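Visitor: Here is the input, now give the coordinates:
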Amino acid sequence: MQKNKTGVKKKTLSSKQTQRHVHEFEGSTKLAEEGADRHNHRFAGVTGQAIRVGRSHVHEIDLTKTDFLNHFHNLKKIRTGPAIPVGNGKHVHFVTGQTTLNDGHVHQFNFATLIQAPLV
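Guide: Next up is the predicted model:
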């Protein structure tokens with residue numbers, strides 16, 4: 001641990017640990033159920049750190065709740081696709097999957113993550 005200018009101790013990464021990047025994301029599920037119960041859910045969050053896979057990497061998403069509509073769904077153990085270059089050394093990831101079961105149904109979803117470190 002190191003002390004900052006105010007004398008407060010802060011954790012630092014050891015030489016064996018490195019911070020890998022993450023991505024913000026936001027999306028909406030596809031509609032589920034029929035008639036007056038037909039609905040979707042919105043969600044937002046931050047992926048886990050990069051996980052090397054072959055010549056690229058993926059991220060894990062573990063979101064505990066979508067927005068509330070008399071019930072909610074989770075996005076558990078979802079993995080993004082590999083990095084998709086978008087120019088200037090930046091990339092995004094495509095994500096597809098389905099929510100957990102709740103209230104007798106699931107929702108399908110697909111979305112792209114936001115660009116990593118957009119201002120850096």
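
Visitor: And for the nearest residue to residue 64 once chain neighbours are set aside, the neighbour number?
Guide: If the residues on either side of it in the chain are set aside, residue 64 comes closest to residue 74, at 5.6 Å by C-beta to C-beta, 6 or more residues apart in numbering. C-beta: built from backbone N, CA, C; applies to glycine. Applying other C-beta atoms under 10 Å, we find 16 residues neighbouring residue 74.

Visitor: What confidence value was assigned to residue 74?
Guide: With respect to pLDDT, residue 74 scores 93.

Visitor: Kindly report the same for residue 42.
Guide: 94.

Visitor: and it, how far is that from residue 91?
Guide: 24 Å (C-beta to C-beta, to the nearest Å).

Visitor: what's the burial count for residue 95?
Guide: Count around residue 95 with other C-beta under 10 Å applied: 22.

Visitor: tell me which residues form a beta bridge with it?
Guide: residue 111 (DSSP bridges).

Visitor: What does the pLDDT read for it?
Guide: For residue 95, pLDDT reads 98.

Visitor: ditto for the one 10 residues further on
Guide: At residue 105, the pLDDT value in this model is 95.

Visitor: correct me, but it touches residue 32?
Guide: Yes - under the criterion of C-beta atoms under 8 Å, residue 105 is in contact with residue 32, at a separation of 4.6 Å.

Visitor: okay, these two: which has more neighbours?
Guide: Regarding residue 105 and residue 32, a neighbour count based on other C-beta under 10 Å identifies residue 32 as having more, with 19 against 14.

Visitor: what's the spacing between that one and residue 94?
Guide: Following C-beta to C-beta, the distance that separates residue 32 from residue 94 is 21 Å.

Visitor: Thanks a lot, catch you later.
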